[in-house]
Structure formats: C-alpha cells, structure tokens
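Novice: give the three-dimensional model of this entry:
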Amino acid sequence: MKIDELDARILEEFSSDPRMSVLEASRTLGVARATVQSRLDKLTREEVVTGWGPHLSAEGLGYPVRAYCSLVIHQDAGHDGVAAALSEVPEVLELQTVSGESDLMATIVATSNDDLQRVLDAIIATRTVLRSSSLVVLNSPIPLRMLPLARAAGQRADR
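Specialist: Predicted coordinates for the structure are as follows:
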C-alpha cells in the first residue's frame with residue numbers, strides 16, 4: 001500500500017500519543033475529523049497499523065538481556081512444528097525463517113547472562129532444534145522504529 005504525507009502525519013500523531021482522539025488529531029493536523037477517521041480505517045484495513053495496544057518493554061518486564069539466535073532445525077519437524085514448539089518458550093519474542101546456513105532466526109530475552117543459558121537449553125529441549133548460535137546485544141543505538149519509514153513512504157508518494 002502506498003501512503004501519502006497526510007497518512008504519515010496521522011501515523012506520527014497517533015504514534016506519539018496513541019490515546020489521542022480522532023477529533024484532537026483532526027484539529028492538530030488541520031483536516032476534517034472524517035478524513036482522519038477514514039485514513040485510520042484504511043491504514044488499519046491495509047495492515048499498515050497492526051494494533052493500538054500498549055507497547056511493552058522486555059527490559060521493563062525484567063528481561064534486560066537480548067540475543068539473536070540462528071537455529072538449525074530437525075528437518076523432519078518442519079518449520080511449523082518448530083515454530084509451535086518454540087512458541088511455548090515465553091522468552092522467544094520473534095521467529096523468522098531465513099536463508100543461509102541457518103533455518104530460523106530467533107530473538108530471545110533473558111533476565112541475565114546466566115539465565116540466557118537456561119533459555120537456550122529450553123529451546124534445545126524442544127527437540128526440534130539441532131544447534132544454535134547466539135549473538136548477545138550489547139546496546140541498541142537505533143531501536144526498532146517505523147516512523148522514519150512512514151515519513152519516507154509519505155514523501156515518496158508525494159513526488
């Protein structure tokens with residue numbers, strides 16, 4: 001889906017204050033309330049906006065250690081079977097199928113470096129993973145962000 005500059009501005013307003021009312025956003029943006037509402041509906045329908053809930057922090061929940069793990073799986077388990085097994089490990093935040101020497105890439109968290117070993121052991125204990133290789137995150141100078149991408153997409157559409 002292509003978004004324009006107004007869509008990007010709407011996304012920025014609601015990203016900075018998700019509890020903002022549509023009326024308040026329309027006043028801030030200088031457009032009709034119905035315009036903001038129809039744009040939000042379109043952005044949600046097209047899955048540009050995927051949710052309105054609170055954004056949770058692993059660190060705030062007591063899991064300050066983050067690692068990226070490349071996983072080689074038992075091929076007979078299949079990707080879906082491995083995903084189902086790993087979904088039972090709460091510290092597995094994300095799982096992607098990847099190309100290359102590994103089959104999957106997982107983002108995991110732990111309460112400490114020592115606890116990271118427990119999480120890795122829990123992943124191996126599913127008996128769906130043959131081996132893992134981990135990279136521990138030391139710092140996140142650019143955390144996951146989407147607004148710069150939305151701004152760029154909005155500017156590109158206006159050209």
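Novice: only C-alpha atoms for contact and neighbour calcs from this point on.
Specialist: Noted.
Novice: pLDDT (mean, whole number) over stretch 114-121?
Specialist: Taken as a whole, stretch 114-121 has an average pLDDT of 97.
Novice: now that stretch: buried residues?
Specialist: For stretch 114-121, a neighbour-count test (16 or more other Cα atoms under 10 Å) marks 116, 119-120 as buried.
Novice: out of the helices and strands in this protein, which is least certain?
Specialist: When the helices and strands of the chain are scored by mean pLDDT, DSSP states H and E, helix 147-157 comes last with a mean of 89.
Novice: alpha carbons only: can I get that one in CSV?
Specialist: This file holds the C-alpha atoms of helix 147-157, laid out as CSV (Å, rounded to 0.1, in the frame of the first residue of the first chain):
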residue,chain,number,x,y,z
LEU,A,147,8.0,6.3,11.8
PRO,A,148,11.1,7.3,9.7
LEU,A,149,10.0,4.6,7.2
ALA,A,150,6.4,6.0,7.2
ARG,A,151,7.8,9.6,6.6
ALA,A,152,9.9,8.4,3.7
ALA,A,153,7.0,6.5,2.2
GLY,A,154,4.8,9.5,2.5
GLN,A,155,7.3,11.8,0.9
ARG,A,156,8.0,9.3,-1.9
ALA,A,157,4.2,9.2,-2.7
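Novice: can you name every helix or strand that it contacts?
Specialist: The helices and strands touching helix 147-157, judged by 3 or more Cα pairs under 8 Å, 6 or more residues apart in numbering; DSSP states H and E, are helix 5-16.
Novice: report the distance from the helix or strand that comes right after the helix it packs on to the chain centre.
Specialist: Following helix 5-16 in sequence order, the next helix or strand is helix 22-29 (DSSP states H and E). Offset of helix 22-29 from its chain centre (Cα atoms, centre = their mean, to the nearest Å): 27 Å.
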